[in-house]
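[1] Okay, structure incoming, though there's no sequence with it:
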């Protein structure tokens, strides 16, 4: 394919070299003449393992050249990758002036073309940038409509400095955000030989993925450092602790616990967080990540409560109020917290949970209900049907399988607030409201 790449910085130069190495005809575009001259002389404008040899060979074989003329590059190619920088402004927001400038140039060039052109944004941009900045700018300067007159995709990169060439050919995933299948197919053909999952999705999802990746990596570094700081003070080996931690691939390093939803609860997580952060305070350690987890969890409880309050219906029915499905444990259940706040505001609440049966409760859990939240026992009902008959707002509090078909049972005048995503498939009904979806 004939491809132009805007921005000969880190991502652009690696992408240009690797695409040329794969046999494509590449034109690199950059306003800095020095970078253009380096590439045209067969030299790399960046320091990165293997890319120098790749660029040298690609230029020698006439598969890679560079120019400062973006219009000429678009007219001579069928696909344009945008790899320009998106630096931070003083307030933390992205500076999109380079994205806008390149899109203006590409739009002007597309206006002069007679054939379909695909624009691929590889720069890291916040969700909404494609629809609010990129697409409107391209449409304004080209006079064409995205998805019809030209193709548009978002294609986040996952390249680490120092191993970028290896990462290009061995990506953890290939993500294509698209608004039309035709453009997505073009990009899928380019990456077709890579041994990695290919994920084709909405452009907003693709934009968000890169931020989630990088923020999660930052959290991991900060978390490991805070653990290491505690370990040093108590005389434990932080590396050994984290090595053992990382051997658990079922829970610790896995998709488990990484689904958006309601707050955590139960007898372990809150208690152990409080104990460890207390230990940190006693050691005079600042642990901002660990110390922020419980407050963050409390904000999620408030979010769920506010969703119910915004429905402005006084009769509320709760389906599932143990801290997770398949247990009768109510200790520190976030749903119990919501119930108590609703009762405190004078709401008419009824609750149902098949696993929470007072006659069968024993030990600590029985004591917790009878002595700590005895008032909730008075509003418990025996069936889901009783909840549906009573409620104006139905709240799904845990993921018990018996709640999966609740949407087929609710009346038209009822609202549903889902705290657990009871269905994997999106529910488009107006009465349905998910906490994170």
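    Structure's in. What do you need? Quick caveat: nothing in here was measured; it's all calculated off a predicted structure.

[2] and residue 270, what is it in contact with?
    Neighbouring residues of residue 270 by C-beta atoms under 8 Å, 6 or more residues apart in numbering: 264, 294, 297, 332. Backbone N, C-alpha and C define where each C-beta goes, glycine included.

[3] Show me what residue 152 bridges to in the sheet.
    Taking DSSP bridges as the rule, residue 152 bridges to residue 119.

[4] Kindly state the pLDDT recorded for residue 60?
    On pLDDT, residue 60 comes in at 98.

[5] Select from the contacts of residue 270 every entry located in helices.
    Using DSSP state H, 294, 297 are the members of the contacts of residue 270 that sit in helices.

[6] Tell me the one of the contacts of residue 270 nearest residue 343?
    residue 332 (17.5 Å; C-beta to C-beta).

[7] Leaving out sequence neighbours, find the closest residue to that closest one.
    Spatial nearest neighbour of residue 332, chain neighbours left out: residue 265 (4.4 Å); criterion: C-beta to C-beta, 6 or more residues apart in numbering.

[8] Would you map the helices across the stretch 201-350 of the chain?
    203-234, 238-246, 269-282, 288-310, 334-344 (DSSP state H, counting those that start in this stretch).

[9] thinking again about what came up before, what residues are up against the residue nearest to residue 332?
    Counted by C-beta under 8 Å, 6+ apart, residue 265 has contacts 323, 324, 331, 332, 333, 334, 335, 336.

[10] and if you look at residue 260?
    421, 435, 436, 437.

[11] next one: residue 250
    Residue 250 neighbours (C-beta under 8 Å, 6+ apart): residue 256.

[12] can you rerun that using 7 Å?
    Counting by C-beta atoms under 7 Å, 6 or more residues apart in numbering, residue 250 makes contact with nothing.

[13] gap between it and residue 260?
    For residue 250, the distance to residue 260 (C-beta to C-beta, to the nearest Å) stands at 20 Å.

[14] Mind picking the lowest-pLDDT entry from the contacts of residue 265?
    pLDDT across the contacts of residue 265 is lowest for residue 331, at 83.

[15] right, and that one touches residue 269 too?
    No - with contact defined as C-beta atoms under 7 Å, residue 331 does not count as touching residue 269 (10.8 Å).

[16] I'd like to know which of the contacts of residue 260 is nearest to residue 303.
    residue 435 (6.4 Å).

[17] okay, now that closest one: neighbour count?
    18 (other C-beta atoms under 10 Å).

[18] Tell me both backbone torsions, phi and psi, for it.
    The phi/psi pair for residue 435 (degrees, to the nearest 10) reads phi -70, psi -30.

[19] Would you confirm that it contacts residue 263?
    No - if you go by C-beta under 7 Å, residue 435 and residue 263 don't touch, sitting 9.7 Å apart.

[20] Relative to residue 24, how far out is the residue nearest to residue 226 when sequence neighbours are not counted?
    The spatially closest residue to residue 226, leaving aside those adjacent along the chain, is residue 287, at 4.8 Å (C-beta to C-beta, 6+ apart). Per C-beta to C-beta, residue 287 is found 49 Å from residue 24.

[21] Having no further points to raise, I will conclude here.
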